[in-house]
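1. fold the following for me, if possible:
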Amino acid sequence: MGKRESPRHGSMQVWPRKRAKRQYARVRGWNEKEKGLLAFPAYKAGMTHVMATDARKNSQSKGETISLPSTILDCPPIKLYSVRLYKEDAYGAKAVGEIVVGKDKHLFRKVFTKKTDEEKLKDVKPAEYSDIRVTIMTQPGKTGIGKKKPEIFEAAIGGTNEEKLAWINDHLNKEITINEVFKEGEYADAHAITRGKGFQGPVKRFGIGLKPHKSEKGRRAPGSLGSWSAQQHSLYRVAHAGQTGYHQRVQYNNQIIRIGDKPEEVNPKGGFINFGTVRNQYAIVKGSLQGPKKRMITLTKAVRLYDNQVTPTVETVSLESKQGR
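-> Numbering: from 1, shown residues only. Okay, the predicted model is just below:
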């Protein structure tokens with residue numbers, strides 16, 4: 001008999017295990033208690049470690065210098081692409097209009113041609129709509145990763161409709177930086193597509209145990225197909241081979257321990273493997289984040305916020321070469 005799959009692998013929140021539709025995640029839940037823009041995209045550069053002073057009240061190493069594994073994110077500024085207007089009907093909120101406000105011709109050629117119409121914004125009456133959101137346009141050409149086509153995704157704005165419209169008018173045709181959305185010490189949720197591993201067997205895909213060496217019909221196959229289940233006769237939850245990785249996942253409560261605008265503070269000798277050097281504002285996130293190098297990670301305001309937010313004081317960032325690893 002094969003070992004039962006763990007709750008982490010068998011939980012229903014990660015089904016179906018199929019490939020994501022696109023290389024960047026769709027955000028479905030927002031913390032609308034916050035004000036202003038609720039999301040910011042960044043590109044994963046790599047990992048390093050930082051030396052920081054532990055400020056946790058009940059920690060055994062309180063006040064001491066500790067090493068923290070951290071992820072470096074390249075955060076080029078973003079721009080507004082369009083404004084989406086929502087109305088409620090019997091089936092929920094539905095987008096009833098979109099006003100394109102971006103004017104960057106260089107990026108527009110790489111997306112699709114839609115005429116801008118900022119004049120329509122003046123006619124928008126906030127009371128007529130249930131929600132107002134924006135679509136964000138990234139600028140990957142500023143990262144040096146070889147990517148030219150921008151990602152465009154929808155992002156929510158916190159506040160009343162009047163406050164949302166005022167925020168949009170204040171940021172038309174302006175670049176938005178990460179320190180306008182997040183601050184140091186804040187917790188953020190990371191939405192991204194995980195590293196793809198292709199078609200894998202049940203041992204790698206679900207972590208089931210190997211059968212004894214004299215077992216028939218394969219050591220790495222599940223020992224049972226489960227109970228009789230109607231016409232198909234076997235449960236779909238049984239560990240079978242299939243697509244592994246390249247799934248959309250959310251990682252909650254990742255602490256941003258530093259935001260800076262001097263890339264030389266985080267670029268290691270020789271640059272990050274498979275990425276190069278950070279060229280824009282950067283963010284250091286405590287711990288690891290899902291996805292490979294160069295992939296876009298959408299940071300959003302935390303929806304399961306910790307009560308005791310304690311920020312470690314970063315003393316130094318390791319700039320040792322990563323080339324020999």
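2. quick one: low-confidence parts of the stretch 201-325 of the chain?
-> Scanning the stretch 201-325 of the chain with the threshold set as pLDDT under 70 gives 325.
3. how about the helices in it?
-> Along the stretch 201-325 of the chain, counting by DSSP state H, counting those that start in this stretch, helices occupy 202-206.
4. Q13 should be in a helix, yeah?
-> Yes - judged by DSSP: H, G, I helix; E, B strand; the rest coil, Q13 forms part of a helix.
5. all strands for the stretch 101-250 of the chain, in order.
-> Assigned by DSSP state E, counting those that start in this stretch, the strands in the stretch 101-250 of the chain fall at 131-137, 152-155, 157-158, 187-193, 198-200, 242-244, 248-260.
6. list the helices and strands the longest one packs on?
-> For strand 248-260, the helices and strands in contact under the criterion 3 or more CB pairs under 8 Å, 6 or more residues apart in numbering; DSSP states H and E are strand 39-53, strand 65-75, strand 187-193, strand 281-286, strand 313-317. From N, CA and C alone the C-beta is placed, and that goes for glycine too.
7. tell me which strands that strand pairs with, and in which orientation.
-> strand 187-193 (antiparallel), strand 281-286 (antiparallel) (DSSP bridges).
8. residue contacts, the closest residue to M137 other than its chain neighbours?
-> Nearest residue to M137, sequence neighbours excluded (CB to CB, 6 or more residues apart in numbering): Y81, at 4.0 Å. Y81 sits next to V100, V101, G102, V134, T135, I136, M137, I152 when contact means CB atoms under 8 Å, 6 or more residues apart in numbering.
9. about what we covered before: can you tell which of the strands paired with strand 248-260 is closest to N169?
-> Of all those, strand 281-286 sits nearest to N169, with 24.2 Å by CB to CB.
10. okay, angle between that closest one and strand 313-317 too, please.
-> Strand 281-286 runs at 110 degrees relative to strand 313-317, counting by axes from the mean of the first three to the mean of the last three CA atoms, to 10 degrees.
11. confidence-wise, which of the contacts of Y81 comes last?
-> Lowest in pLDDT among those is G102, which has 79.
12. does the closest residue to that residue other than its chain neighbours count as helix, strand or coil?
-> Excluding the flanking residues, the one nearest G102 by CB to CB, 6+ apart is Y81, at 4.5 Å. Applying three-state DSSP to Y81 yields a three-state assignment of strand.
13. the protein - how does it break down into domains?
-> Per automatic domain parsing, the domain ranges recorded for the chain read 31-76+183-196+245-325, 78-176.
14. mind putting the strands of the stretch 101-250 of the chain into TSV with mean neighbour count and distance to G287?
-> TSV is the format used below for these (neighbours: other CB atoms under 10 Å; distance: least, CB to CB, whole Å):
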stretch	mean neighbour count	distance to G287
strand 131-137	20	25
strand 152-155	18	24
strand 157-158	20	26
strand 187-193	24	10
strand 198-200	11	25
strand 242-244	17	22
strand 248-260	19	6
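15. possible to save these as TSV with distance to Y86?
-> Below are these laid out as TSV (distance: least, CB to CB, whole Å):
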stretch	distance to Y86
strand 131-137	4
strand 152-155	11
strand 157-158	12
strand 187-193	20
strand 198-200	38
strand 242-244	33
strand 248-260	23
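16. do you know which of those lies nearest S224?
-> strand 242-244 (17.8 Å).
17. can I get the strands paired with strand 248-260 in TSV including distance to A93?
-> What follows is these, written out as TSV (distance: least, CB to CB, whole Å):
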stretch	distance to A93
strand 187-193	20
strand 281-286	31
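18. which one of these lies nearest to H233?
-> When these are ranked by proximity to H233 (CB to CB), strand 187-193 comes first, at 33.7 Å.
19. thinking again about what came up before, right, and the helices and strands packed on strand 248-260 - which one's nearest H171?
-> Closest approach to H171 among the helices and strands packed on strand 248-260 is made by strand 39-53 (12.8 Å; CB to CB).
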